[in-house]
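*Asks:* sequence and predicted structure, then a few things I'm wondering about:
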Amino acid sequence: MSQTDDRVAIMDVLARYTAALDTQNWDALDDVFTPDAAIDYTTSGGEKGNYPEIKKWLAEVLSTFPMTQHLIGMPAIWLDGDSATSRTDVYNPMAMGEHEGKRKLFYVGAVYEDRLVRTPDGWRIAQRFERQAFSTLGD
């Protein structure tokens, strides 16, 4: 693969992550992370653990929100053979229910700092650290 192909494949993995979360297709995450991936969401009040633990936690926590939308910016990607690192900004509004006939929204801004590896099945995230920048409750 060329570096351009690798970059496009990595961007696809990042996009498939957000699609899996927002459609609550938890098994689709199997094509995003390595089976032994180390994941850390603690800066946003979340969990830290290996991929199977975090997959279960994501399903439990995000299923409580009637709507989520994970919007990611263009990632910065550094390639090094069969491994890569990336930094991707994320903006994540989430519905928390209704108040006076309006959906109450919770907003999170963060950065995904990832280490990825090329596997026989394509690029996968082997390590993720979410660095939360802000969170706020909307009107």
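*Replies:* Ah, there it is.

*Asks:* most distant residue from the centre of the protein?
*Replies:* Here the chain reaches farthest from its C-alpha mean at residue 100, the gap being 31.4 Å by C-alpha atoms, centre = their mean.

*Asks:* now do the same contact list for that residue.
*Replies:* With contact set as C-beta atoms under 8 Å, 6 or more residues apart in numbering, residue 100 has no partners. Backbone N, C-alpha and C define where each C-beta goes, glycine included.

*Asks:* next: residue 26.
*Replies:* 20, 55, 58, 59.

*Asks:* ok, so of those, who is nearest residue 111?
*Replies:* residue 58 (18.0 Å; C-beta to C-beta).

*Asks:* hang on, the earlier thing: okay, and which of the contacts of residue 26 map to helices?
*Replies:* 20, 55, 58, 59 (DSSP state H).

*Asks:* can you say which of the residues you listed are buried?
*Replies:* 20, 55, 58 (16 or more other C-beta atoms under 10 Å).

*Asks:* of those, which is the nearest to residue 43?
*Replies:* Nearest member of those to residue 43, counting by C-beta to C-beta, is residue 58, at 15.7 Å.

*Asks:* show me what the lowest-mean-pLDDT helix or strand in the chain is in contact with.
*Replies:* Lowest by mean pLDDT, DSSP states H and E among the helices and strands of the chain is strand 83-99, with a mean of 92. By C-beta under 8 Å, 6+ apart, the surrounding residues in contact with strand 83-99 are 6, 10, 14, 18, 65-78, 103-118, 123, 126, 130, 137-138.

*Asks:* counting contacts, what elements does the next helix or strand along the chain from it pack onto?
*Replies:* Next in sequence after strand 83-99, counting helices and strands by DSSP states H and E, comes strand 102-119. For strand 102-119, the packing partners by 3 or more C-beta pairs under 8 Å, 6 or more residues apart in numbering; DSSP states H and E come out as helix 3-22, strand 83-99, strand 122-137.
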